[in-house]
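Chemist: predicted structure and sequence below. I'll ask about it afterward.
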Amino acid sequence: MEIQERRSGKIYSLASTTSVPEWLSERSRRNLAKRDSQFRHRITLLQDLEMPVASTKIRQSPDGRFLIVGGTYSPRIRCYELAEMSMKFERYLDSEVVDLLMLGEDYGKLAILGADRTVMFHAPYGNHEKIRLPTFGRAMAYEKSTCDLMVVSSGKRVGRGEIEKGQQAMGEVYRFNLDEGRFSQPYSFTSALKRRKGGDDVIDNAQVLQLGGSCIAVSPTHALTAVGAEDGTVRFWDNRAPLRSAPDGAHLTPFLNLDVSSATAGRGFFDENTNSGFPGEVTSICFDSAGMQMCAGTRGGNVALYDMRSSNPLFIKEHQYGLPIHTVQFHAGSGTVLSGDPKLVKIWNAKGSSAGSMQGRDDWNDDGGLGSNAESEGLGGPLGSIVANVEGTADFSHFITSGDGTDPSGQSNGLLLCTGEQSKVQSFYCPVLGAAPQWCSFLDNITEELEERDGALDKTATDDAGVVQTETIYEDYKFLTRAEIDQLGIQNLVGTPLLRGYMHGFFIHVGLYNRIRAVAKPFEYNEYRTKKIKDRLEEKRASRIAPKAAAQKAKAKVNPDLADRLHAKAGSKTKSGKVAKALVEDDRFGGLFQNPDFAIDEEAEDFKLRNPSGASARKFMRNDRDMDSDAEEDEDDDDDDEAGVGGAESGFGKVMSEEGDERWGSGASDGDDVGGEEYHESNSDDDGLAGGRIRGEAFDDMRSDPPPKEKKKRKKDKKKKRKSKNVMYEADDYGADALDIGLGDHAAETEASKRKKELSLSMAERLELQSEQSKFVGETKRLKVTGQGAVKEVTFVPKSAKKKKDAEERAKREAKDDRMGRSRRGVKDLGFKTPFKHQ
């Protein structure tokens, strides 16, 4: 249980403990209570007081015995019996709950306003009836004197042409008479906003074209209905007016309009950049139990307190978040007003003496809050002074003060129940508002014991902000998807209590998950640390002044070939070039060249099926590089490359010269032997015979003493000539298929390898192989494997059929050899060269 320190007192958060899964066994709960002190000291106010995802509305029955909560997902309502402190029933709905009301003293008559323009009526046995509204409803109220269920609608949209003709947007309040079982004529109202003299509209066109209501409330003492609308005006109808006495339906129009938007204009912290809508729109209304005061909350985060005898507000309270006020409520027992926005519920004084009121007005500062004097007063202080702020772990959507049988409305109790954007219904106990209800009176004893143990409380809180812990669902369990389970290799745990199925994955205990992860990926931390260090070093290098060469675009870490092709194609002005340029410049595809998870496996079968031309081209380029013997490479590189060229995969072998050298012409002299005569080439310009040939020994005499530069040049040319010697290859007896293999035909190469393998077998093995193939040719199966862009046919002999045939052949041989239980030999087995020659 979390305790929020405030100057006026303490606020106890009863739902701040860790959520526990429903399928957790009792033994596991006991073990968790032994280990976790926070879980051990948790307080369960009501059993299963939560929704799967979020809760939207909460109501308490007029007799104080039952609690109804609406939420998602899927849409449903849950009823809790407070005397038993547990859930009584749960019902699923067709649409989300917008509002709900209890028409009787208990849950026997229940009205639910759905998001699909329907009002559902529920009885103790379930759904009783459903009616459909002309437009979407936003709030409901029940008038007991006339048995009318009133629903505020979003209003009908009016076209621009009709507006030009003088027709205005109309808002409607639908009335359904539960006594007669039919719709009555609806209340109607028009926009109260006027145009300025300059011709500029005060509101935008959307609010002019359509006008709808936002909230509705019925006075508990007078038959008075108040409706707050989008134009910032509260309209009042007197339900006691006779229907037939008013001419021309005058009773259907409001008899009084209260302009709240003008009173709250210029106040609050509404930000038009982050929030949408009209800040003066009235979003919530409530009356006090005496019917003398009324509160109206606006979209801009302001709450105006009115006396029913005056049109001027007594006080305007500003919420510093500037968010819409979804709920306002009077608390008669403490004389306060509770106003809630999505972030907090603010409790402030609604009553005060004249001196206190003047002091409260003096303490009002320019920032929209109260000064230090008013803030320190707490309960019973001047009008508008803050008593406490209740902050939750998720956004609020609605709240009530829970009561009991003696006080069903909770006007003298201090238990606050809030629905919001989390699974649990958040509950807070505020002793400053009053005692706990009778059905949870144990809260008073617990809080008294906690106050006596001063050492267990945090005394360091000096402001009213409070410390709020962040709550996570199933803190001791981790959610894993099916892919993550396959990656960890724990598929064998599926179906066991160690993995609990939930939606599209499973829940696993955090401790077990950490141990499995440590075994499956022992070096993950080291890899993560190395990667982080490398990234930081790269960031430091990038901040330095790099040379011009380093300023060029870095090569892609992943899929570099694809990146090069896209960059090369991006320079063209064709359609494909524009697509490639857009792909390269778009940051959304940056992970394609940076993230290793997007690496393209070009050796995968799927890639080859989808890119057959690309795979063949790469194979042809590889074979062409292997056969290219004219490249200018060093002798050491040639030796390394030659080890893989003449192998069985390429189908070619080197041809050695007669002198035993693999380079043709390597054993000859520097000159060429043509026709039995020796010639010498001359590349020198000094002798005037550059490029010509000189016969005989005259050449040696002429160049007996060349200059040093000529010697160096001659030596260099000689080395270059030795490198450019041709290396010859010949096909390995492949016949007509040699040319196809050299051009990179994969099928020809496979067939040649198969034929070469058969030739290496002996004659007996070859005949046995042929007999086996012909024997099972009738029992082979042919499969057609169809992929995107390619079709493969695979022929194979089933293993079962082969085993069956072998067994039959073996049985025949045994039956033939062992007819009488022993092996009988023939005449030829005796070893005679010419049997029966003597006869």
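Modeler: Nice, I can see it. Numbers count the residues shown, from 1 in each chain.

Chemist: all helices for the stretch 401-550 of the chain, in order.
Modeler: 442-452, 482-488, 510-520, 524-543 (DSSP state H, counting those that start in this stretch).

Chemist: tell me the buried residues in the first one?
Modeler: Along helix 442-452, these residues count as buried under the neighbour rule (16 or more other Cβ atoms under 10 Å): 443, 446-447. Using the backbone N, CA and C atoms, a C-beta is placed for each residue, glycine as well.

Chemist: which residues of the stretch 601-750 of the chain score low on pLDDT?
Modeler: 613-711, 718-739, 742-744 (pLDDT under 70).

Chemist: contact partners for A115?
Modeler: A115 makes contacts with 95-98, 136, as judged by Cβ atoms under 8 Å, 6 or more residues apart in numbering.

Chemist: same thing but at 7 Å, please
Modeler: 95-96, 98 (Cβ atoms under 7 Å, 6 or more residues apart in numbering).

Chemist: cool, G489 as well?
Modeler: A520.

Chemist: okay, now the residue nearest to C147 when sequence neighbours are not counted: neighbour count?
Modeler: Leaving aside its sequence neighbours, C147 sits nearest to D179 (Cβ to Cβ, 6 or more residues apart in numbering; 4.2 Å). Residues lying near D179 (other Cβ atoms under 10 Å) number 8.

Chemist: same question for the one 3 residues further on.
Modeler: Look at R182: counted by other Cβ under 10 Å, it has 10 neighbours.

Chemist: redo the buried residues of helix 442-452 as TSV? Include distance to Q185.
Modeler: Formatted as TSV, the buried residues of helix 442-452 follow (distance: Cβ to Cβ, whole Å):
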residue	distance to Q185
L443	49
I446	54
T447	53
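
Chemist: thinking again about what came up before, mind checking which of the helices of the stretch 401-550 of the chain is nearest K802?
Modeler: With Cβ to Cβ as the criterion, K802 lies closest to helix 482-488 of the helices of the stretch 401-550 of the chain, at 34.5 Å.

Chemist: would a markdown table of the contacts of A115 with pLDDT be doable?
Modeler: Shown next, in a markdown table, are the contacts of A115 (pLDDT from 0 to 100):
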| residue | pLDDT |
| --- | --- |
| S95 | 93 |
| E96 | 94 |
| V98 | 94 |
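
Chemist: so which of these belong to helices?
Modeler: Members of the contacts of A115 lying in helices (criterion: DSSP state H): none.

Chemist: pull out the buried members of those.
Modeler: 96, 98.

Chemist: let's see which of the contacts of A115 end up in strands.
Modeler: If you go by DSSP state E, these have V98 in strands.

Chemist: could you dump the contacts of A115 into CSV and include distance to A582?
Modeler: Formatted as CSV, these follow (distance: Cβ to Cβ, whole Å):
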residue, distance to A582
S95, 43
E96, 42
V98, 45
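
Chemist: please report how far the nearest residue to Y187 once chain neighbours are set aside lies from A192.
Modeler: Excluding the flanking residues, the one nearest Y187 by Cβ to Cβ, 6+ apart is V173, at 3.9 Å. Counting by Cβ to Cβ, to the nearest Å, the separation of V173 from A192 is 15 Å.

Chemist: between those two, who's got more neighbours?
Modeler: V173 (25 against 18).

Chemist: element containing that one?
Modeler: strand 170-177 (DSSP states H and E).

Chemist: that strand packs against which elements?
Modeler: strand 148-153, strand 182-190 (3 or more Cβ pairs under 7 Å, 6 or more residues apart in numbering; DSSP states H and E).

Chemist: can you tell me which of these is nearest to K712?
Modeler: Once the helices and strands packed on strand 170-177 are compared by Cβ to Cβ, strand 148-153 is nearest, at 102.8 Å.

Chemist: residues contacting that closest one, please?
Modeler: With Cβ under 7 Å, 6+ apart, strand 148-153 has contacts from 111, 113, 119, 133, 135-143, 172-178, 184, 212-216, 225, 227.

Chemist: can you do 6 Å?
Modeler: Applying Cβ atoms under 6 Å, 6 or more residues apart in numbering, the external contacts of strand 148-153 come out as 135, 137-142, 172-178, 213, 216, 227.

Chemist: tell me who's in contact with R588.
Modeler: No contacts exist for R588 under Cβ under 6 Å, 6+ apart.

Chemist: in a strand, it, correct?
Modeler: No. Read with DSSP: H, G, I helix; E, B strand; the rest coil, R588 is helix and lies in no strand.
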